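Asks: sequence plus the predicted model coming up.
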Amino acid sequence: MTRTVTVLNPTGFHARPARSFVDTAATSFPETKITLTKGPKVINGKSVLSMLTLGAKCGDAILIEAVGGDEARALSELGDLFETIFQE
């Protein structure tokens, strides 16, 4: 299952919100594989370092994919979190 979200933060993707996303993904959905895709780059959504290498800027579309576990709930919660924490 997938969900597309948009980076709303004018400063783009940075450490604090990336940590919040990763912590939620890892603790709330330990059995679910979470990946994020921007263009040709696909990264592990449970790794802060990977999240920071995504290089997402304001206005970029990010595809979140959840596989295994509670996919629908993971996409709902992580997508909503993504759009909320990245508004700042």
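Replies: Noted; the coordinates are in hand.
Asks: the protein: strands as residue ranges?
Replies: Using DSSP state E, the strands of the chain run over 2-6, 33-38, 41-44, 61-67.
Asks: which other helices and strands does the first one contact?
Replies: In this structure, strand 2-6 packs against strand 61-67, helix 71-85, with contacts taken as 3 or more CB pairs under 8 Å, 6 or more residues apart in numbering; DSSP states H and E. All C-beta spots, glycine's among them, are computed from the backbone N, C-alpha and C.
Asks: mind listing what's buried along it?
Replies: Buried residues in strand 2-6, counted by 16 or more other CB atoms under 10 Å: 3, 5.
Asks: how close does residue 68 sit to residue 21?
Replies: 18 Å (CB to CB, to the nearest Å).
Asks: still on that earlier bit, for residue 50, which of the helices and strands packed on strand 2-6 is the nearest?
Replies: The closest of these to residue 50 is strand 61-67. By CB to CB, the value is 12.7 Å.
Asks: distance from the closest one to the middle of the chain?
Replies: Here strand 61-67 shows a centroid-to-chain-centroid distance of 7 Å under the convention CA atoms, centre = their mean, to the nearest Å.
Asks: just for this structure, where's the confidence low?
Replies: 86-88 (pLDDT under 70).
Asks: coming back round to it: who has more neighbours, residue 68 and residue 21?
Replies: Neighbour tally, residue 68 and residue 21, criterion other CB atoms under 10 Å: the higher count belongs to residue 21, 23 against 11.
Asks: give me every residue that touches that one.
Replies: Applying CB atoms under 8 Å, 6 or more residues apart in numbering, we find residue 21 in contact with 45, 51, 78, 81-82, 85.
Asks: again, only this time at 6 Å
Replies: When the contact criterion is CB atoms under 6 Å, 6 or more residues apart in numbering, residue 21 has no partners at all.
Asks: and what of the one 10 residues further on?
Replies: Contacts were defined as CB under 6 Å, 6+ apart; by that measure residue 31 touches 68-69.
Asks: 8 Å - rerun?
Replies: 68-70.
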